[in-house]
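Novice: Predicted coordinates and the sequence they were generated for:
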Amino acid sequence: MEVELTNKQWHDIRFALRLIIRHKHNAHKSELINDAIKAIVDKDGKQDVESQLMFRHYYIEGWGITKIVMNMYYEESTVRKHIKKATEQFAEVYDGGHLLKMFME
């Protein structure tokens, strides 16, 4: 499901996800969150472990882009690309896509 949203709408979704996930007690143990993370795949349909790991660091562990770059030895543009793709795929699956539906109406 390819969703066409503006950059502002994606910014709002990322902000909402950061609030939801970072303030959820034991987010790393949540079945709903973990199932949505497992749905992050590459273009061949295989699980994209790098994007999943960056998503976990960014949203669950609260790492910033710079810390991910320094610890995982990636370029900043690569990290941003992975997080953007992972966020889009996560939002489509998380809670049946309700977060996206709010912006599509």
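Specialist: All right, it came through fine.
Novice: Can you give me the neighbour number for residue 103?
Specialist: 16 (other C-beta atoms under 10 Å). Every residue, glycine included, has its C-beta placed from N, CA and C.
Novice: no no, residue 87
Specialist: 21.
Novice: three-state assignment of it?
Specialist: helix (DSSP: H, G, I helix; E, B strand; the rest coil).
Novice: What pLDDT does the model give the nearest residue to it once chain neighbours are set aside?
Specialist: Among residues not flanking residue 87 along the chain, residue 14 sits closest, at 5.8 Å (C-beta to C-beta, 6 or more residues apart in numbering). pLDDT for residue 14: 92.
Novice: same check, this time on residue 5
Specialist: pLDDT at residue 5 comes out at 86.
Novice: Surely it touches residue 102?
Specialist: No: counting by C-beta atoms under 8 Å, residue 5 does not reach residue 102; the two are 10.6 Å apart.
Novice: In this model residue 86 seems to touch the residue nearest to residue 87, though I could be wrong.
Specialist: No: taking contacts as C-beta under 8 Å, residue 14 lies outside contact range of residue 86: 10.7 Å.
Novice: Contacts only, for the most centrally placed residue in the chain.
Specialist: Geometric centre of the chain, nearest residue: residue 87, 2.8 Å, by C-alpha atoms, centre = their mean. Taking C-beta atoms under 8 Å, 6 or more residues apart in numbering as the criterion, residue 87 is in contact with 10, 13-14, 17, 55.
Novice: which one of those has the most neighbours?
Specialist: Neighbour-wise, the contacts of residue 87 (other C-beta under 10 Å) top out at residue 55, 24 neighbours.
Novice: where's that residue, which helix or strand?
Specialist: helix 49-55 (DSSP states H and E).
Novice: list the buried ones in that helix?
Specialist: Neighbour counts over helix 49-55 (16 or more other C-beta atoms under 10 Å) mark 50-55 as buried.
Novice: Which of the helices and strands in the chain ranks last by mean pLDDT?
Specialist: Lowest on mean pLDDT, DSSP states H and E among the helices and strands of the chain sits helix 98-104, with a mean of 83.
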